[in-house]
Each structure stands twice: as structure tokens, then as C-alpha cells.
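Visitor: turn this into a model:
(one chain, ligands or ions: 3)
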Amino acid sequence: MTERDRLGLRGLLPPRVMSFEQQYDRFIKSFRSLEHNTRGEPDTIVALAKWRILNRLHDRNETLYYRVLIDNIKDFAPIIYTPTVGLVCENYSGLFRRPRGMYFSAKDKGEMMSMIYNWPAEKVDMIVVTDGSRILGLGDLGVQGIGIPIGKLDVYVAAAGINPQKVLPIMLDVGTNNAKLLEDKLYLGLRQPRLEGEEYLSVVDEFMEAIHARWPKAVIQFEDFQMKWAFETLQRYRNRFCMFNDDVQGTAGVALAGLLGAVRAQGRPLTDFTKQKIVVVGAGSAGIGVLNMAKQAMLRMPGINRSGEGHNQFWVLDKDGLITKVRNGLDPAVARFARGFGPDEIRDLHEGASLVEVVKKVKPHVLLGLSGVGGIFNEEVLKAMKESDSPRPAIFAMSNPTSKAECTPEDVFKYVGENAIFASGSPFSNVTLGNGRKGYANQANNMYLFPGIGLGALLSGARHITDGMLQSAAECLASYITEDEIRRGIIFPSISSIRHITARVGAAVVRAAVDEDLAEGRCDVDARDLKSMTESDTVDYVARKMWYPIYSPLVNDK
Ligand SMILES: NC(=O)C1=CN([C@@H]2O[C@H](COP(=O)(O)OP(=O)(O)OC[C@H]3O[C@@H](n4cnc5c(N)ncnc54)[C@H](O)[C@@H]3O)[C@@H](O)[C@H]2O)C=CC1
Ligand SMILES: CC(=O)C(=O)O
Ligand SMILES: [Mg+2]
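Guide: Ligands and ions are numbered 1, 2, ... in the order given. Modelled structure (predicted):
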């Protein structure tokens, strides 16, 4: 009541004061009754209804929203993140009620340095930016892609404890090539084809300079840019700004942790990673990111010729089938992984060979999908995986959202066998196998790493994010799982532990920055303080820095 008096609210609210706990319970109760009342309705209707009730809470009470999210992250991540966030982006024009974040468009050229000051918060720590050109596996969604930075930053708040007052979701609207959106009268973005070449880059350059001018210490995460711009912007900015590309670098670390888990699941030492035969379906920003990081990890292992010559454990397919050295016009990033034609190299395969042919001939240990093509690991492909040279064949169906997953866990345990290891980008339920055993549906999503990469980079005060920092993040995630869990087919921890995982990953990133002499520290913790911390001090420090949602008194009680 004192607070109401001091804020001039007496009479503007009903008399009874509800506690935080009561408000929390009331929300959860209304959420559960929504679940009950929509039982039997189509999945998309239910998903959007759940998203709406959470979004309304987000708009009116940030503290309660984030507490609800943190406490129920396993239940709510599929609503604010993949898969529902994909549906929200697709229907953004109809769902739009109020803006969130900032929108920089091609029309703002020359104005960005001043418009950045329109953002009302004094301080920004974490930025997620997209140009909407490749939203999950849903393609070019133009301005509607803003849902992705919003969802990613919700995960930052929940997992990394970034203060929600200091996050900024950003849409760079440079047009869209999606004909349906260009014709849609309700479409909220620029109705023009995407800028290309130098015109495109000059918009992104100006945007990056504007951000850097106002918040030089902010970490900038690039998200869901189409492949050519994902790689180009990463090369262009990674040594000049504190930025990373989550689809290329975050995904790679998560996939590497999963690949190492698959080696352990076979009861083999980690150094046997160099002998794994890995088929990757999808040679886009995510697939190539994974291949680069996996190759680097192999080259660090003992007994491997460090030039990497003669060592190609990967068979990579894109929409035109198996990629070989005779393919014309290959992007140099992809060409590194093209198969040659030596007797060992090609295994009776040919340029453009189909997935099923490749799996039958190679008998891979791992089949990893980042293709954006739902169901491409069909019955025939999965049955061929049963003949894998691994006693525990691993299938990673990493494309998002759920409709784009390369296969389901049910099909994997049915066609590949109960010993298979399964992981997917979007969440699936575990599968009940015979004898009361469980087939684990692991989630292999970059959400295990990006919050820790961003938080670690921020707290280290490093001016850029190096491969060493990313590698430490991946190794930290890989070592999180115990031998017993691995034996049972669990290769990723539960999303419920995301804060705990993020504190560790964040600390690993800080330590790597210290080791590379890049950590400058932040606020009252300087480079020397960071240097003097042990590993466990660093975990404590990172955990202590996490924001946690409670009502802070605005006035002190008498
Ligand atoms: N689980 C996770 O954490 C992540 C998942 N992803 C998912 O990965 C997917 C791909 O993302 P990007 O690599 O950025 O997209 P991209 O558009 O850059 O690449 C897609 C690749 O798939 C290939 N492809 C298309 N049709 C194919 C077919 N029928 N057979 C074989 N290959 C085919 C294309 O040729 C291209 O090489 C998306 O669905 C995205 O949601 C991306 C990042 C993280
Ligand atoms: C998870 C993610 O970043 C993607 O699907 O693009
Ligand atoms: Mg992404």
C-alpha cells in the first residue's frame, strides 16, 4: 500500500494486493485451463493460443513472464522458441499487435546513426539480429522473421540471465523475395525485392557502425541469414566487432558435442572420433559450420596428419545429391568437403548419388541432417542405417521446426533399431520401447550453447569471439553428460538444466578468453580479477551475474 501511495496508484487498482506467488499461480492456472479447453483442437490453433497467452503476459508483466518461463522452461520453450516461433513468424502480420525490438530498413540508409538513439533503454548488452532471409527451415519470411530474435532473446533471459531491459531484438529489412508476402496487403515489411551485393552490405555496415557507436560493448548475434550472407558477414565483422553467427558457430558446437557423445555411446575412446564415417545432408550455413568444426576437432586428435590431407571422413549431400570434386561452381567452403575419386574415397559412389545409395555403400556411423527437408530420412534410408558399421548408429534430424525434421524418433527406433541414438533440432517426446525401456529423443539445438557464448563473451569483455572460445563452449557441453547417461542414449542434458549448463558454458568461454589474453573484464571485475579466478570461481562469478526475476521494491516499506 505504501508503494501504491508513493506511485499515486491508490484508487486506480482494486483494493486487494496480490502477492507475486498468487499472481504466478493465477497465470499457471489459466494456462492449464487453456490447455484443457483446447484439447482436441488442431495443433496449430492450440500452439498459437498458448503463444498468445504468454505473449500477453510478456507485454504486461516482464518479471512474472520470465519467472514463469524460467520455472517451466521445458514446457514453454516449444512455445516461445522452436517449433511455435516458426508458426508465429509465418503469421506475424495477423498476430501483430505491438512492436518489440527495432526495425532498420533499407529506407533508413543514412539515418541509422541517429535512429539508434530512439531505443529508450540506456544500456544494451545482447543483440540478436536477422534479415529474415532463412527463418528456420521456412525460407525467406522478410520482416516477419523478427519473431526469431525475440524468441532467442527470451532464451537469453531465461538461460543466461541477461537482464530483459538490456536485450534488443533487431530486424534488418532489406526487402523480401517471397512472392506471397510481396502480394500480401497486410505484410508489414518493405514491399521490394531483397537488396543484393554492395547495396546490401552497405546497409549492414551502417547498422553495425551505429550499434557499435552507441553500445561498443554489446554482443551481437547474427541469426537466420541465408548462407551467402551468413558467411560473408561473419568474415567481414568477426575481427572488428564482438559478434558471432549462431547458425554457423553455435550449431556447430552443439553438433560436435553430439558427435562426441555418439562415439562415447559406442564404448569407444574419444580419439576414435577420427574414424567415424559421417554423412551430412545439407551443405548450407549450418551444415558447413558443423563440418568445419568437426574437421578441426579431428585434426586436433593424436595420429592425424594436421594438414588434413587424405583424411576425409565426411560424405556431404545437398539438394543435388552427393557432392564430389567434379561438381562445377562449388562454393569454396563446400568444395573442401567434396569427395575425390580414389578407391577409398568414393566407395563405388558417383557425383550426385542419392542419400539411400550413399548410406547403403558407406554404412556410416552418423547420419546428420541440416537440410530443412522434412521426412527426408525415410523408411528406406533408416533401414539402410541399420546396416551401419556402428553398434549404436546415430541419427541427428536437426532441421527446424518440427515439420522440417528429417525424421521422427519413432521411425528411428523402429527402422534403425532400439540401440540407435536420436537427436532432433525441435523437441520430440521419448519413445517407449519393449521391456519398459525408453528411446531418448534428445534435442540437438543451438540453444544449449548460444546463451553461454553470448554471456561468456560479455563477461570476459573480449572485443571479439574466437574459435578457441567457441571450441571451449562445445567441449564444456560435451563433458556435461555422464557415462551412465550416454549408455542409456542420452547425449544432451535436459532443457530444464539450461541455467546450470549456461553458467558452465559461459565460464568456459570466459576462461578461454583469459587464456588467449583477450579478456578485458567488465564493470568492477577487470582483466586481473578474471585471471586470478579458478575454473570454479568463474562458474560462481558467471552464475552470480545472472539476473533473476523478482519484484524489487520501488519504495521502502515504512
Ligand atoms: N538444430 C539446430 O540447432 C539448428 C538447425 N538448423 C536448421 O537447419 C536447416 C538448414 O539451415 P541452413 O544450413 O542455414 O540452410 P541453408 O539454406 O543454408 O542450407 C540448406 C542446405 O540443404 C540442402 N538441401 C535442400 N534440399 C535438399 C535435399 N532434398 N537433399 C539434400 N540436401 C538438401 C541445400 O542444398 C543446402 O545445402 C534449417 O531447417 C534450420 O532450421 C539451423 C541452425 C541450427
Ligand atoms: C535453431 C536455429 O537456430 C535454427 O533452426 O535456425
Ligand atoms: Mg537459427
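Visitor: tell me how far the residue in the stretch 1-150 of the chain positioned nearest to ligand 2 lies from I73.
Guide: Closest approach between the stretch 1-150 of the chain and ligand 2, counting by C-beta to the nearest ligand atom: L136, at 4.5 Å. In this view, the C-beta of every residue, glycine as well, is placed from N, C-alpha and C. According to C-beta to C-beta, to the nearest Å, L136 stands 19 Å off from I73.
Visitor: then L64?
Guide: For L64, the distance to I73 - C-beta to C-beta - is 15 Å.
Visitor: for S371, same thing?
Guide: From S371 across to I73, the span is 28 Å (C-beta to C-beta).
Visitor: Y156: neighbour count?
Guide: Y156: 27 surrounding residues under other C-beta atoms under 10 Å.
Visitor: and the nearest residue to it once chain neighbours are set aside, what does it touch?
Guide: Distances taken as C-beta to C-beta, 6 or more residues apart in numbering place I162 nearest to Y156, at 4.6 Å, with adjacent residues excluded. Counting by C-beta atoms under 8 Å, 6 or more residues apart in numbering, I162 makes contact with D125, M126, L153, Y156, P451, G454, L455, L458, W547.
Visitor: could you point out the longest strand in the chain?
Guide: Looking across the chain with DSSP state E, the single longest strand is strand 167-173.
Visitor: that strand: what's the following helix or strand?
Guide: Proceeding N to C from strand 167-173, the next assigned helix or strand is helix 179-183, under DSSP states H and E.
Visitor: buried ones in that following helix?
Guide: L181, L182 (16 or more other C-beta atoms under 10 Å).
Visitor: distance from it to the middle of the chain?
Guide: 28 Å (C-alpha atoms, centre = their mean, to the nearest Å).
Visitor: please apply the same query to stretch 376-388.
Guide: Chain-centre distance of stretch 376-388: 27 Å, with C-alpha atoms, centre = their mean.
Visitor: what about that stretch, how long is it end to end?
Guide: Using C-alpha to C-alpha, to the nearest Å, the end-to-end distance of stretch 376-388 comes to 18 Å.
Visitor: same question, stretch 122-139
Guide: From start residue to end residue, stretch 122-139 stretches across 34 Å - C-alpha to C-alpha.
Visitor: what mean pLDDT would you report for it?
Guide: Average pLDDT, stretch 122-139: 98.
Visitor: for the stretch 351-500 of the chain, what lies in contact range of ligand 2?
Guide: Residues of the stretch 351-500 of the chain lying close to ligand 2 (C-beta under 6 Å from any ligand atom) are N400, G425, N445, N446.
Visitor: the second one touches C407, doesn't it?
Guide: No - contact criterion C-beta atoms under 8 Å: G425 and C407 do not qualify, at 11.8 Å.
Visitor: these two: which is more packed in?
Guide: The neighbour count for G425 versus C407, taken as other C-beta under 10 Å, is higher for G425 (29 against 26).
Visitor: need the pLDDT of that one.
Guide: 98.
Visitor: now K361, nearest residue through space, not along the chain?
Guide: Using C-beta to C-beta, 6+ apart, the closest residue to K361 is R347 (4.9 Å).
Visitor: also M113?
Guide: Closest to M113 by C-beta to C-beta, 6+ apart is A210, at 4.9 Å.
Visitor: tell me which element the one you found falls in.
Guide: Here A210 is assigned to helix 197-214, by DSSP H and E.
Visitor: with V129 instead?
Guide: Going by DSSP H and E, V129 is part of strand 126-130.
Visitor: got the buried residues for that strand?
Guide: Neighbour count says strand 126-130 has M126, I127, V128, V129, T130 buried, by 16+ other C-beta under 10 Å.
Visitor: hmm, back to that, shared neighbours of G425 and C407, anything?
Guide: Counting by C-beta under 8 Å, 6+ apart, the contacts common to G425 and C407 are A397.
Visitor: quick revisit: contacts only, for the residue nearest to M113.
Guide: Contact analysis of A210 by C-beta under 8 Å, 6+ apart lists M112, M113, M115, I116.
Visitor: in helices, which of those residues appear?
Guide: M112, M113, M115 (DSSP state H).
Visitor: the residues you listed into TSV, with extra columns for distance to ligand 1 and pLDDT?
Guide: As requested, the ones in helices among the contacts of A210 are exported to TSV (distance: C-beta to the nearest ligand atom, whole Å; pLDDT from 0 to 100):
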residue	distance to ligand 1	pLDDT
M112	26	98
M113	30	98
M115	29	98
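Visitor: give me the buried entries from the residues you listed.
Guide: Among the ones in helices among the contacts of A210, the ones that count as buried by 16+ other C-beta under 10 Å are M112.
Visitor: show me the contacts for the residue of the stretch 151-300 of the chain found nearest ligand 1.
Guide: In the stretch 151-300 of the chain, the residue that lies nearest ligand 1 is G284 (1.8 Å; C-beta to the nearest ligand atom). By C-beta under 8 Å, 6+ apart, G284 lies in contact with R134, M227, D318, L370, S371, G372.
Visitor: ok so, going back, and whichever helix or strand comes after the helix holding A210, which strands flank it?
Guide: Later in the chain than helix 197-214, the nearest helix or strand by DSSP H and E is strand 219-222. The pairing partners recorded for strand 219-222 under DSSP bridges are strand 126-130 (parallel), strand 243-245 (parallel).
Visitor: same question for the helix or strand following strand 219-222, mean pLDDT?
Guide: Following strand 219-222 in sequence order, the next helix or strand is helix 227-237 (DSSP H and E). Helix 227-237 comes out with an average pLDDT of 98.
Visitor: what about helix 227-237, near ligand 3?
Guide: No - judged by C-beta under 5 Å from the ion, helix 227-237 makes no contact with ligand 3; its nearest approach is 9.5 Å.
Visitor: helix, strand, or coil at whichever residue of the stretch 1-150 of the chain sits closest to ligand 1?
Guide: Distance from ligand 1 to each residue of the stretch 1-150 of the chain (C-beta to the nearest ligand atom) is smallest for G137, at 2.7 Å. Reducing the assignment at G137 to three states with DSSP: H, G, I helix; E, B strand; the rest coil gives coil.
Visitor: so for S371 and I73, which residue has more residues nearby?
Guide: S371 (25 against 21).
Visitor: that concludes my questions; thank you for your assistance.
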